[in-house]
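Enquirer: give me the fold of what follows.
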Amino acid sequence: MPEVTPEPRYFRAPENVPPIVRKVQCQSERGGDPHLRKEWLVTNGLGGYASGTVAGPVTRRYHGLLIAALPSPFGRMMMLNALSEQMRLPDGRRIALGGEEWINELRRIDAIANLVEFRLENGLPVWVFDAGGFIIERRILMPYRQNTTHILYRLLEGEGTLRLGLRPAAQFRSHDAPVSVASGRPADLYVSGDQYELIAGPDKPRLRLQLYGSRSAFTADRHSATLVYAAEHSRGYDFVGELHSPGFFRADLEVDKPVSLVASTEGWETIRALSPRDALNAEQDRRFFLINGAHREVRTGVGAELVLAADQFIITPVGRVEDAARSRAAGDEARTVIAGYHWFTDWGRDTMISLEGLALATGRRMEAGWILRTFSYYIRDGLIPNMFPEGETEGLYHTADATLWYFHALHRYIQATDDRATLRLLLPKLRDVIEHHLRGTRFGIGVDPADGLLKQGAPGYQLTWMDAKVGDWVVTPRRGKAVEINALWYNALRLCARWVEEEYEPTQARKYDEHAERARESFNRRFWYAGGGYLYDVVDGENGDDASLRPNQIIAISLDSPILHRDKWARVIQVVREHLLTPVGLRSLAPGSPDYKPKYYGDLRARDAAYHQGTVWTWLLGHFIDAWLKTYPDRRAEAREFLSGCETTLQEGCIGNVSEIFDADPPFTQRGCIAQAWSVAELLRSCITTAEREAEEEPEIP
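Expert: You can find the predicted model right below:
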């Protein structure tokens with residue numbers, strides 16, 4: 001096996017630039033609510049990832065050291081679940097890192113190392129352990145756009161040589177499959193020199209393993225064990241699964257002799273192209289340039305952390321080979337946005353809401369264009385896809401708002417780049433989108449000729465962003481004329497009118513302005529709920545007009561072309577601030593409402609019943625701040641204060657990231673996905689919009 005020797009740093013980033021560091025207080029997290037355990041996440045720019053709890057125990061079906069993003073029909077595959085990490089000290093004692101009882105075989109362990117520090121260093125996780133007086137550092141990284149994970153160990157302090165033992169364990173399956181899935185016989189092990197391969201079948205991806213270290217060796221020693229996944233248990237899913245290990249690696253660990261394990265589904269040429277130290281240097285280099293390419297307001301502190309978090313969501317969709325072929329033929333590259341880790345794929349709505357924060361605020365304007373052009377290919381009957389299911393190439397189109405958010409995202413992109421070529425390329429498709437909405441398209445989406453407002457709804461479908469569904473039960477159907485759908489429709493009409501006037505002639509734009517004016521007049525007449533001093537959530541719904549106090553109305557102010565008359569802005573903001581604003585986002589329903597749920601917890605039905613019935617969503621905070629600054633442009637400092645609670649969440653949940661949702665009542669516990677694209681994107685964007693303006697500053701991202 002190859003030994004690790006000191007190598008020169010080849011990358012270009014200045015060595016005297018201190019890293020962005022977030023340290024986390026280490027404490028025991030055994031027992032109690034598994035969702036309250038701190039977690040970490042590393043991604044690879046393909047949708048693949050590695051993730052786990054800071055303390056070590058595997059609690060989710062998604063926890064593993066290599067979840068590879070593979071072409072369809074595989075999708076994302078769990079390839080390496082866990083490692084047993086044991087140190088044999090010079091005096092013969094055996095000490096384990098982590099502490100998973102099943103895999104560490106505690107009958108052979110004298111003690112478990114003390115975790116003395118966990119930190120993110122430029123977004124990458126670093127653990128420091130005290131193993132009987134020996135101080136050991138562990139790092140995990142994934143080279144960009146490779147299905148490869150490097151686990152690196154260094155001895156920082158201690159006299160003598162440690163013998164490090166690493167036992168890999170795997171259950172090859174879709175990352176979303178139940179942990180109880182029948183795994184059959186253990187994968188076969190094939191060895192060629194210092195190269196090791198685990199093969200579960202002729203049509204399955206292969207796990208390739210290689211150890212870098214001094215006096216390294218491998219012992220074939222099959223071992224199987226049962227693992228209980230506490231978080232899956234609490235969520236009402238299968239929670240008992242079997243893992244298999246082919247044997248264990250060994251190597252000497254000394255102060256000047258690190259050890260690294262590489263796990264990959266790539267070919268051996270790709271794996272061996274980068275040594276572990278080269279891979280670490282290259283990734284540190286890449287992250288340095290990510291931060292320095294972002295808007296200047298987010299190049300330090302929390303802003304820089306959010307830039308690194310944003311990078312995790314912009315991916316190359318390797319599962320859809322056709323995307324890459326079409327894009328490259330046109331001189332582009334295929335890009336999309338993962339809506340959230342662990343279980344979301346790319347969603348049209350989430351992508352368009354997130355685009356400005358993830359790509360424009362971070363200086364990744366070329367990739368923003370790629371994303372917009374990639375999605376344009378999938379426009380069908382005037383709609384972009386709501387989502388792409390895992391491992392599939394065709395999208396699902398049950399959404400009334402994703403396409404309208406597409407207009408918003410394109411507008412912000414054109415403002416930032418003045419890319420008129422892309423506008424001219426897409427404008428015929430956008431005009432066709434408008435025509436489909438005017439005459440009616442799928443799922444009952446279409447303009448009501450009686451008032452010019454956009455209606456939507458079809459039995460069994462959830463078409464707005466409030467899309468929870470359990471079996472046949474659509475929790476918040478919102479069929480009829482929803483407030484934010486009509487705000488987005490008006491904004492899209494105004495944008496289309498402007499673009500057509502700029503690229504063609506004013507007479508062709510006139511009809512879009514006429515439809516917009518009619519919609520605005522009807523909206524302000526129909527949606528104002530005088531009894532509460534705010535906007536109806538839905539009018540002409542299945543049960544009449546719905547006066548539920550929800551945050552969707554804020555979008556009637558926040559968009560570039562606000563549909564709500566200015567004289568109502570302050571009152572709406574006052575009501576939303578009083579009843580819906582929390583330190584981490586906006587409640588989805590006001591307390592006191594009959595359907596209000598203060599906590600998101602329990603099995604799938606219980607969770608989805610609370611998903612949009614009070615549960616707090618961080619992404620809405622960005623639109624609340626936009627509406628606030630439009631109404632109170634001289635009260636920017638107050639707008640900045642609205643972000644203070646969100647910044648503290650980087651220390652909890654998934655460290656350095658922002659969760660999908662939070663409980664509706666204090667202490668606003670993180671729930672749902674541990675890392676969500678639009679949560680990160682809107683906080684990042686808001687860090688820029690709320691920054692104090694300087695007279696000579698660079699042009700602001702709109």
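Enquirer: Asp221: how many residues sit nearby?
Expert: 10 (other Cβ atoms under 10 Å). Every C-beta, even on glycine, is put in place using the N, C-alpha and C of the backbone.
Enquirer: identify the residue nearest it in space, chain neighbours excluded?
Expert: Counting by Cβ to Cβ, 6 or more residues apart in numbering, Gly247 is the residue found nearest to Asp221 once chain neighbours are left out, at 4.4 Å.
Enquirer: bridge partners for the one you found, pull those for me.
Expert: Per DSSP bridges, the residues bridged to Gly247 are Ala220.
Enquirer: which residues touch it?
Expert: 167, 189, 218-223 (Cβ atoms under 8 Å, 6 or more residues apart in numbering).
Enquirer: residue ranges with poor pLDDT in this structure?
Expert: 1-14, 27-36, 99-107, 182-185, 693-702 (pLDDT under 70).
Enquirer: so which residue is smack in the middle of it?
Expert: Centroid-nearest residue in the chain: Gly340, 3.1 Å away (criterion: Cα atoms, centre = their mean).
Enquirer: distance-wise, check it relative to Tyr49.
Expert: The gap separating Gly340 from Tyr49 is 11 Å, by Cβ to Cβ, to the nearest Å.
Enquirer: same deal with Arg286?
Expert: Separation of Arg286 from Tyr49 (Cβ to Cβ): 16 Å.
Enquirer: neighbour count winner among these two?
Expert: Taking other Cβ under 10 Å, Arg286 and Tyr49 do not tie; Tyr49 has more neighbours (25 against 16).
Enquirer: so what's the more buried one bridging to?
Expert: Taking DSSP bridges as the rule, Tyr49 bridges to Thr43, Ile67.
Enquirer: list the contacts of it.
Expert: So Tyr49 contacts 41-43, 67, 76, 142, 312, 341-342 (Cβ under 8 Å, 6+ apart).
Enquirer: can you do 10 Å?
Expert: By Cβ atoms under 10 Å, 6 or more residues apart in numbering, the contact list for Tyr49 reads 41-43, 62, 64-69, 76, 142, 149, 175, 312, 338, 341-342, 675.
Enquirer: what's the answer for Asp130, then?
Expert: Taking Cβ under 10 Å, 6+ apart, one finds 95, 113-117, 136, 157-158 in contact with Asp130.
Enquirer: and those residues, which is closest to Gly541?
Expert: Leu115 (52.9 Å; Cβ to Cβ).
Enquirer: what separates the closest one from Lys38, distance-wise?
Expert: To Lys38, Leu115 is 11 Å away according to Cβ to Cβ.
Enquirer: for Ala329, same thing?
Expert: Using Cβ to Cβ, Ala329 is found at 45 Å from Lys38.
Enquirer: Gln456 now?
Expert: Separation of Gln456 from Lys38 (Cβ to Cβ) stands at 40 Å.
Enquirer: the more surrounded of the two?
Expert: A direct count of neighbours by other Cβ under 10 Å for Gln456 and Lys38 places Gln456 higher, at 26 against 19.
Enquirer: could you say which helix or strand contains Gly391?
Expert: For Gly391, there is no host helix or strand (DSSP states H and E).
Enquirer: mind listing what it touches?
Expert: Neighbours of Gly391 in contact, by Cβ under 10 Å, 6+ apart: 70-77, 174, 176, 319-320, 345.
Enquirer: ok, now with 8 Å
Expert: Counted by Cβ under 8 Å, 6+ apart, Gly391 has contacts 72-76, 174, 319.
Enquirer: which of these are buried?
Expert: 72, 74-76, 174, 319 (16 or more other Cβ atoms under 10 Å).
Enquirer: helices - which of the residues you listed land there?
Expert: Of the buried ones among the contacts of Gly391, none are assigned to helices by DSSP state H.
Enquirer: nearest to Glu266, out of those residues: which one, please.
Expert: Of all the buried ones among the contacts of Gly391, Phe74 has the smallest distance to Glu266: 14.3 Å, by Cβ to Cβ.
Enquirer: just checking, that closest one touches Ala200?
Expert: No - counting by Cβ atoms under 8 Å, Phe74 stays clear of Ala200, with 11.8 Å between them.
Enquirer: mind listing the shared neighbours of these two?
Expert: By Cβ under 8 Å, 6+ apart, no residue touches both Phe74 and Ala200.
Enquirer: quick one on the thing from earlier: switch the buried ones among the contacts of Gly391 over to TSV; also include distance to Glu503.
Expert: Output for these, formatted as TSV (distance: Cβ to Cβ, whole Å):
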residue	distance to Glu503
Ser72	37
Phe74	42
Gly75	39
Arg76	40
Ser174	45
Gly319	35
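Enquirer: these in strands, which ones?
Expert: 75-76, 174 (DSSP state E).
Enquirer: just those now: which is nearest Gly363?
Expert: Nearest member of these to Gly363, counting by Cβ to Cβ, is Arg76, at 27.8 Å.
Enquirer: so what's the closest one bridging to?
Expert: Going by DSSP bridges, Arg76 forms beta bridges with Ala69.
Enquirer: my guess is it contacts Gly64. True?
Expert: No - using Cβ under 8 Å, Arg76 makes no contact with Gly64, being 10.3 Å away.
Enquirer: okay, and the common contacts of the two?
Expert: Counting by Cβ under 8 Å, 6+ apart, the residues touching both Arg76 and Gly64 are His175.
Enquirer: which phi and psi values does Ile338 adopt?
Expert: Backbone geometry at Ile338, expressed as degrees, to the nearest 10, gives phi -70, psi 130.
Enquirer: burial count for it?
Expert: 28.
Enquirer: identify the residue spatially nearest to it, adjacent ones excluded.
Expert: That would be Phe313: by Cβ to Cβ, 6+ apart, it lies 5.0 Å from Ile338.
Enquirer: and for that neighbour, the neighbour number?
Expert: Neighbour tally, Phe313, other Cβ under 10 Å: 29.
Enquirer: same deal with Val259?
Expert: The number of residues near Val259, taken as other Cβ under 10 Å, comes to 26.
Enquirer: check Asp472 too.
Expert: The number of residues packed near Asp472 is 7, by other Cβ under 10 Å.
Enquirer: that one touches Tyr461, doesn't it?
Expert: No - the criterion here is Cβ under 8 Å, and Asp472 misses it with Tyr461 at 10.8 Å.
Enquirer: contacting residues around Gln613?
Expert: Gln613 sits next to 475-476, 588-589, 593, 595-597 when contact means Cβ under 8 Å, 6+ apart.
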